[in-house]
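Engineer: Okay, predicted coordinates and the sequence, questions at the end:
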Amino acid sequence: MQWSRIAVFASGQGSNFAALAEAERAGQLGGGRIELLVSDRPEAPVARRAEAAGIPSLLLRPKDFASRELYEAGIVAELQRRNIGLIVLAGYMRLISPVLLEPYAGRIINIHPSLLPAFAGKDAIGQALDYGVKLTGVTVHFVDGGMDTGPVIAQRSLAVEAGDTAESLAERIHRVEYELYPAVVAALAAGKVELDGRRAIIRA
Ligand code: GRF
């Protein structure tokens, strides 16, 4: 499995998908190539972005399958057919079962809009605002069987301003995401990330 052959999974807007595709176009993805978009929502804007970028997509509705396992088995077959070596979750709104996790152990990453382990799960930006923290940020982490619990690869912090709304904070968080995620994907694609227990090390 080659780390440089990448599938991005997304359910919604796909602005991170677009940032990754743009980084690839600009030669800034460490030799990584986005070979496939996987979406569980064929009507999502991200599907149109993939089409516009000329990236093939696999659009499967989970409810068309008898179980989550069968849905994921369909995805795994396509990933293996395309020799995908790295799965990049970018706003993919589903938990992943062992059917996908086992063949891709240590090869699935996610981006989360908080400094994990704070504010895991849904609406991390709203959770951070409600809690009143002064610093929040973005985490890129390996995916394990839990909800946002896998080893951290990289984090960036940013300040919560007094007048912030969910929208204004989300906008600044997104800007950080568009820089951080391509940089981490580039490091993985180039084989520069090592894991020592829960500690990820990015080699220069
Ligand atoms: C991002 O904020 C990411 O951190 C979270 O989902 C959001 C996806 O946004 N996991 P987009 O679809 O990439 O625009």
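Structural biologist: Okay, I see it.
Engineer: and the residue of this structure nearest the ligand?
Structural biologist: Distance from the ligand to each residue of the chain (Cβ to the nearest ligand atom) is smallest for Gly91, at 2.7 Å. Every residue, glycine included, has its C-beta placed from N, CA and C.
Engineer: Average pLDDT for the helix or strand hosting Ala200, rounded please.
Structural biologist: Here Ala200 sits within strand 199-202, counting by DSSP states H and E. If you average the pLDDT over strand 199-202, you get 97.
Engineer: Contacts for it next, please.
Structural biologist: 142, 151-154, 184, 187, 192-195 (Cβ atoms under 8 Å, 6 or more residues apart in numbering).
Engineer: try 6 Å
Structural biologist: Here strand 199-202 makes contact (Cβ atoms under 6 Å, 6 or more residues apart in numbering) with 151, 153, 187, 192-194.
Engineer: in it, what counts as buried?
Structural biologist: Ala200 (16 or more other Cβ atoms under 10 Å).
Engineer: what do you get for stretch 162-177?
Structural biologist: Quick answer for stretch 162-177 (16+ other Cβ under 10 Å): 164, 169-170, 172-174, 176-177.
Engineer: how about Ala186, secondary structure?
Structural biologist: Classification of Ala186 by DSSP: H, G, I helix; E, B strand; the rest coil places it in helix.
Engineer: excluding its backbone neighbours, what's nearest it?
Structural biologist: Nearest-residue entry for Ala186: Gly30, 3.3 Å, with adjacent residues in sequence omitted and distances by Cβ to Cβ, 6 or more residues apart in numbering.
Engineer: now swap in Ala90 and tell me
Structural biologist: Counting by Cβ to Cβ, 6+ apart, the residue nearest Ala90 is Asn16, at 3.9 Å.
Engineer: What lies in contact with the strand or helix carrying that neighbour?
Structural biologist: Using DSSP H and E, Asn16 falls within helix 15-25. With Cβ under 6 Å, 6+ apart as the test, helix 15-25 has contacts from 8, 10, 29, 34, 46, 49, 53, 90, 177-178, 181-182.
Engineer: Pretty sure the residue nearest to Ala186 sits in a helix.
Structural biologist: No: applying three-state DSSP, one finds Gly30 to be coil, outside a helix.
Engineer: circling back to that earlier point, the helix holding Asn16 vs the ligand: in contact?
Structural biologist: Yes: using Cβ under 6 Å from any ligand atom, helix 15-25 reaches the ligand at 15-16.
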